[in-house]
Each structure stands twice: as structure tokens, then as C-alpha cells.
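S.K.: compute the structure for the input listed below.
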Amino acid sequence: MTVRDTERTVGVKNESTVQEFVLEAFPAAQHLGGLLFLVHLLAYLASIVGNTVIILITWADHRLQTPMYVLLSTFSFCECCFITTVIPKLLSIFLSGRQTIPFPACLTQAFFFLFIGGGIFFLMAVMSLDRYLAICKPLHYASIMNLRVSFLLVFLCYFLSFIFFTGLMLKVSQLSFCGPNIISHFFCDLGSLIHLSCSDTRSVEIHFYFLTSLVILLPLIITTIAYSNIVITILRLPSAKERQKAFSTCSSHLIVLSLMYGSCVFIYLKPKQVDRLDSNKEAALVNTVVTPVLNPVIYTLRNKQVHQALRDTLSRVRLQK
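M.R.: Here you go, the predicted structure:
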């Protein structure tokens, strides 16, 4: 029996003694705490403001109350919730240097990170299908997609994510944690947390790997098929100007999708995650900082219809004053 197995066996016999965890964050950059706080605060505020503008404009202008923009505004709301599960705690670490997080708070953060993140992946697949129907099947779009269907799809995305990760978190909460309590990450990453357990975690690790693979790969396959058909349809457009405009929009979307899927595949879909925890932190920053800032610009703020709705809304506000 190895030392690791012995520790786990002992841990099963004893109650969890770890009451809090230490988020190691970025130890090599501790001397840059003030600068890192400012950079991440600005990125967080930019993402919150950009996504909030999208939500408000969508619900303020009746012209944008269509399935496409309802999905986009829902996506923006989910992005705000997603980064809020991670960034405020990271900001407090940079500002105060306090790296500890209570055990229940750590489990809660890990659950909401996975639950909201999983829902976002499913939602991106739904948005890809919506674009596929609008571009490749325009005559059937209105009969298939409406507000009721879009709300139902959003509910289904988060219902599936909730069901998947609630069972996993219940398993993790039953593990014993006897020490050490240092998580080599800037938030309570579930992979890092499972590694710290002194219980036998093989079944939990398999469960975790299976769920993350399903949540990432299934939407990825759907999105790839949808955008492949979209590209084929665009290539058949008779006008070069129309093709250029369509490719400009699609390429922007694909950049964000590539960043999100690429970083998550790197983090979650390789075995023995512990061997690359340091690189996981950098990859996780892409999902928690970079793409939430880019998404408002890529998905809607470059859209002429949104620009017009924003100008009309601001004009109405000025007239009311």
C-alpha cells in the first residue's frame, strides 16, 4: 500500500479536520497585488457593464425581443453570474492578501462555478443552433423558434447542468479532508479540491471526468456541426459583400468559442490534472477574465441593430429629462 493510500484509509476513519482552505492564487506575483487588483477590477467592471447594457437594451427595445436576442441577453446574465462566482474573491486576495476560504464557502463556489459554467456551454450550443436555423433554414425559422421555445431551451440548459453537478457535489461533500489544505488555484477548483481529500476518490474522479467531458464535448460537437453548415451556406451566397459580412460576424463568434472550448478542453479533458495545476490557472483566467470581457463586444455590441436600439433608448432618456 502506498503512502497516499494509507493517508486516504486513515482519512476515511476520521472526520474531516479541515475547516478552511488556502487559495494559493499566484504566489510568484504576490508583490504585484495592487496592480493585479486594478487590472482584474477593471476587467470585471467592463464585463459587468457590457453585459448589463445588453440585457437592458434587449428588454427595453421591443425590436430586440426575439429568440436570438433573448438568448443573447440570457447569455450575458449568465456571464455576469459566472464571473461573480470567482472574481470578487480573487480581488479580495489581491487587495488584502487574505487567501483563506471556509470549507462550506469553498464547496459552494465550486458548485456554482460548475453549474453556471455548464449551463453556459449548453446555452452556447443552443445559440449556435439558433444561428444555424436563421441562416440555413430561414423559411422554417419562425415556425421552429419563438420566445416560448427559447425560454424552454434556457430552462433545459440549466436544469441539465443542475442535475449533473448536484449529484457530483454531494459526493464531494462526503469526502474526508484531513490536510493539507492548500489549493493551488485562485478559486475552489473541484479537481484541485478532490486531490486534497484523504478518502478514496477514484469513483469521484471518474464521475467528475465523465461529467466535464459530457458538458464540454456535447455542446462542442453541436456547435461545430452548426457552424460548419453555416460556413457552407455562406460560401453559397451570390454576393461577395454578403459573404464578407457574414464571415466577419462568424469569425468573431468563433474566436470566443475557440478561447472558451480550448481552455476548458485543456483544463478538464486530460487525465492527471494535478501535474499541470499551474498551467490550469492561466487557462482558467481565459474563461473567467478574458472571454467575459470579449463576449459583449463580439456577440452584440458590434451589431448594428443593437447600436440603433441603444441610440434610440438614450434619445428617449434624454427627452424624458
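
S.K.: need the contact list for Leu217.
M.R.: Going by Cβ atoms under 8 Å, 6 or more residues apart in numbering, Leu217 touches Leu269. Yep, even glycine has a C-beta here, placed from its N, CA and C like the rest.

S.K.: nope, Glu20 is what I meant
M.R.: Listed by Cβ under 8 Å, 6+ apart, the contact set of Glu20 reads 100-103, 106, 181.

S.K.: what's downstream of the helix or strand containing Ala226, the next helix or strand?
M.R.: Element membership for Ala226, per DSSP states H and E: helix 202-235. Downstream of helix 202-235, the next assigned helix or strand under DSSP H and E is helix 240-268.

S.K.: packing partners for that following helix?
M.R.: helix 103-136, helix 202-235, helix 277-285, helix 291-296 (3 or more Cβ pairs under 8 Å, 6 or more residues apart in numbering; DSSP states H and E).

S.K.: how about the ones you listed in a markdown table, adding mean pLDDT and distance to Val49?
M.R.: What follows is the helices and strands packed on helix 240-268, written out as a markdown table (pLDDT from 0 to 100; distance: least, Cβ to Cβ, whole Å):
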| stretch | mean pLDDT | distance to Val49 |
| --- | --- | --- |
| helix 103-136 | 93 | 19 |
| helix 202-235 | 91 | 27 |
| helix 277-285 | 71 | 20 |
| helix 291-296 | 82 | 8 |
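
S.K.: sorry, back to before: pipe the contacts of Glu20 into CSV and attach neighbour count and distance to Leu190 per row.
M.R.: Below are the contacts of Glu20 laid out as CSV (neighbours: other Cβ atoms under 10 Å; distance: Cβ to Cβ, whole Å):
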residue, neighbour count, distance to Leu190
Thr100, 13, 18
Ile101, 22, 14
Pro102, 11, 16
Phe103, 17, 14
Cys106, 24, 10
Asn181, 17, 15
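
S.K.: Ser197 and Gln174 touch, don't they?
M.R.: No. Taking contacts as Cβ atoms under 8 Å, Ser197 lies outside contact range of Gln174: 9.8 Å.

S.K.: pick the most buried one from the helices and strands packed on helix 240-268.
M.R.: Stretch with highest mean neighbour count among the helices and strands packed on helix 240-268: helix 291-296 (a mean of 23; mean count of other Cβ atoms under 10 Å).

S.K.: could you dump the contacts of Glu20 to JSON lines with distance to Ala134?
M.R.: Below are the contacts of Glu20 laid out as JSON lines (distance: Cβ to Cβ, whole Å):
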{"residue": "Thr100", "distance to Ala134": "49"}
{"residue": "Ile101", "distance to Ala134": "43"}
{"residue": "Pro102", "distance to Ala134": "47"}
{"residue": "Phe103", "distance to Ala134": "47"}
{"residue": "Cys106", "distance to Ala134": "42"}
{"residue": "Asn181", "distance to Ala134": "50"}
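
S.K.: out of the residues you listed, flag the one nearest to Thr52.
M.R.: Of all the contacts of Glu20, Ile101 has the smallest distance to Thr52: 27.0 Å, by Cβ to Cβ.

S.K.: low-confidence ranges in the chain?
M.R.: Scanning the chain for pLDDT under 70 picks out 1-16, 28-29, 245, 248-249, 270-279, 299-303, 307, 317-321.

S.K.: what residue is smack in the middle of it?
M.R.: Among the residues of the chain, the one closest to the centroid is Gly117, at 3.7 Å (Cα atoms, centre = their mean).

S.K.: can you list the helices and strands packed on helix 240-268 in JSON lines and add distance to Val265?
M.R.: Output for the helices and strands packed on helix 240-268, formatted as JSON lines (distance: least, Cβ to Cβ, whole Å):
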{"stretch": "helix 103-136", "distance to Val265": "11"}
{"stretch": "helix 202-235", "distance to Val265": "6"}
{"stretch": "helix 277-285", "distance to Val265": "9"}
{"stretch": "helix 291-296", "distance to Val265": "14"}
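
S.K.: looking at the ones you listed, which is nearest to Arg243?
M.R.: When the helices and strands packed on helix 240-268 are compared by Cβ to Cβ, helix 202-235 sits nearest Arg243, at 5.7 Å.

S.K.: quick one on the thing from earlier: quick one: closest of the helices and strands packed on helix 240-268 to Met260.
M.R.: Here helix 291-296 is closest among these (Cβ to Cβ), at 5.4 Å.
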